[in-house]
Every structure is written in structure tokens, then in C-alpha cells.
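Q: with the input below, show me the fold.
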Amino acid sequence: MLRLASSSITRAELLRAAGIPFLQESLDFDEDSIIAPTPKNFVYQATLGKYRVNLEKFGCADYPLLVADTVVTAQGKILRKAKDEADARAILETQSGSEVAIITCMIYKTPRLELLDISSTHYFFDVFDPKEVERYLQSGEWKGKAGACMVEGFCKPYIREVRGFESSAMGLCTEVLKPFL
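A: Next comes the predicted model:
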């Protein structure tokens with residue numbers, strides 16, 4: 001059993017699918033204060049901030065602590081969670097027909113072990129159909145998603161090539177985590 005310090009439904013689903021027992025509770029961390037020169041540095045700083053806040057509150061003696069954060073990048077831009085529908089549309093336009101990297105950082109902490117992993121998955125997308133983009137925007141499924149991206153949903157039919165683990169792109173690289181449990 002571990003403590004997933006994340007409110008992400010997708011991360012919880014990944015743990016369930018991997019057969020990893022967990023309880024889910026977390027404290028928020030303000031990512032808007034982060035100034036980072038690269039997407040990889042940003043996701044590391046965000047994860048480290050979440051880790052520090054949650055480790056102080058929960059510790060890791062009762063349950064190992066697991067925190068994670070994900071960032072999406074394309075065309076040299078960090079594509080954060082969309083603020084509104086117009087922002088989501090602009091983010092999706094940046095991804096359409098492009099190489100998109102989804103970078104996930106996780107920290108797993110027990111009293112005897114600390115694991116830090118930064119994994120990336122690269123997607124090469126075909127051009128998005130404008131009508132499907134509008135349907136996706138109207139659905140609201142993009143809300144709360146890094147880069148308004150759902151590789152397991154909207155983006156799936158546009159994937160031309162993948163390099164990396166889908167779990168990492170979905171927010172938690174369970175393939176890296178499992179050997180340490």
C-alpha cells in the first residue's frame with residue numbers, strides 16, 4: 001500500500017491497472033510560481049514542490065509516498081493546463097501535426113528508499129481534424145489536463161508514432177515504479 005499524493009483520476013487508474021494498492025490524498029502546490037528554463041526543469045521543480053509539501057504533512061513511515069507531475073511540450077513551448085477554451089484551442093493547434101513530448105517526473109519515498117524518475121514519451125501527431133477539435137473542446141475533457149492532451153482519448157486517432165511508455169504520458173510511469181515496490 002502506498003499514498004498517492006495526487007488528485008489525478010488518471011494516476012489512480014494507472015495504479016489500479018498495475019495492481020498497486022494505494023490510498024489517495026494530497027495537498028496542493030502552487031505551480032504558477034515556478035520559473036524554469038526548460039520543460040524538464042519545470043516538471044522537476046513542480047514535482048519537488050509537491051513532494052516537499054506532502055512529505056511534511058504525511059511523511060512516509062505509515063505508507064510510502066508517491067508524487068508526480070506532468071508537462072507537455074511542443075515546438076519549444078511548455079503547454080500547461082489550459083485556462084479556458086480559447087487557450088485549449090491554441091494549445092491543440094500547437095500540437096497538431098507536430099512532435100509532442102510528454103514528460104512525467106515522479107518521486108517515490110519510503111523510510112529506506114527515495115526514487116526520482118523523469119520519463120518522457122514522444123508522440124508524432126497527424127494534423128487534427130478541426131471538427132473533432134471543436135467536439136473535444138465542447139466536451140470539456142481537456143480541462144485539468146497538461147497540454148489539454150489526452151493520448152488515451154482525443155489524440156489517439158492522430159498518433160502516427162510513439163516513443164516511450166503510454167503510462168508516462170498519462171502521468172505516472174508504472175513500468176519504472178513497479179520494480180521498487
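Q: what ranges do the helices span in this structure?
A: Taking DSSP state H as the criterion, the chain carries its helices at 9-17, 39-58, 85-95, 130-139, 166-170, 174-177.
Q: and these as JSON lines, adding mean pLDDT, distance to Gly76 and mean neighbour count?
A: C-beta here means a position set from N, CA and C on the backbone, and glycine is covered the same way. As requested, these are exported to JSON lines (pLDDT from 0 to 100; distance: least, C-beta to C-beta, whole Å; neighbours: other C-beta atoms under 10 Å):
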{"stretch": "helix 9-17", "mean pLDDT": "95", "distance to Gly76": "26", "mean neighbour count": "17"}
{"stretch": "helix 39-58", "mean pLDDT": "96", "distance to Gly76": "9", "mean neighbour count": "19"}
{"stretch": "helix 85-95", "mean pLDDT": "95", "distance to Gly76": "10", "mean neighbour count": "18"}
{"stretch": "helix 130-139", "mean pLDDT": "96", "distance to Gly76": "22", "mean neighbour count": "14"}
{"stretch": "helix 166-170", "mean pLDDT": "91", "distance to Gly76": "19", "mean neighbour count": "23"}
{"stretch": "helix 174-177", "mean pLDDT": "96", "distance to Gly76": "26", "mean neighbour count": "18"}
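Q: tabulate those (a markdown table), appending distance to Gly153.
A: As requested, the helices of the chain are exported to a markdown table (distance: least, C-beta to C-beta, whole Å):
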| stretch | distance to Gly153 |
| --- | --- |
| helix 9-17 | 10 |
| helix 39-58 | 21 |
| helix 85-95 | 13 |
| helix 130-139 | 8 |
| helix 166-170 | 10 |
| helix 174-177 | 19 |
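Q: the ones you listed: which one's closest to Lys156?
A: Lys156 lies closest, by C-beta to C-beta, to one member of the helices of the chain: helix 166-170, at 9.9 Å.
Q: re the thing from before, and Phe124, which of the helices of the chain is closest to it?
A: Nearest to Phe124, of the helices of the chain and by C-beta to C-beta, is helix 85-95 at 10.6 Å.
Q: how distant is that closest one from the center of its chain?
A: From the chain centre to the centre of helix 85-95 is a distance of 18 Å (C-alpha atoms, centre = their mean, to the nearest Å).
Q: which neighbouring elements make contact with it?
A: On a contact count with 3 or more C-beta pairs under 8 Å, 6 or more residues apart in numbering; DSSP states H and E, helix 85-95 meets strand 65-74, strand 77-79, helix 130-139.
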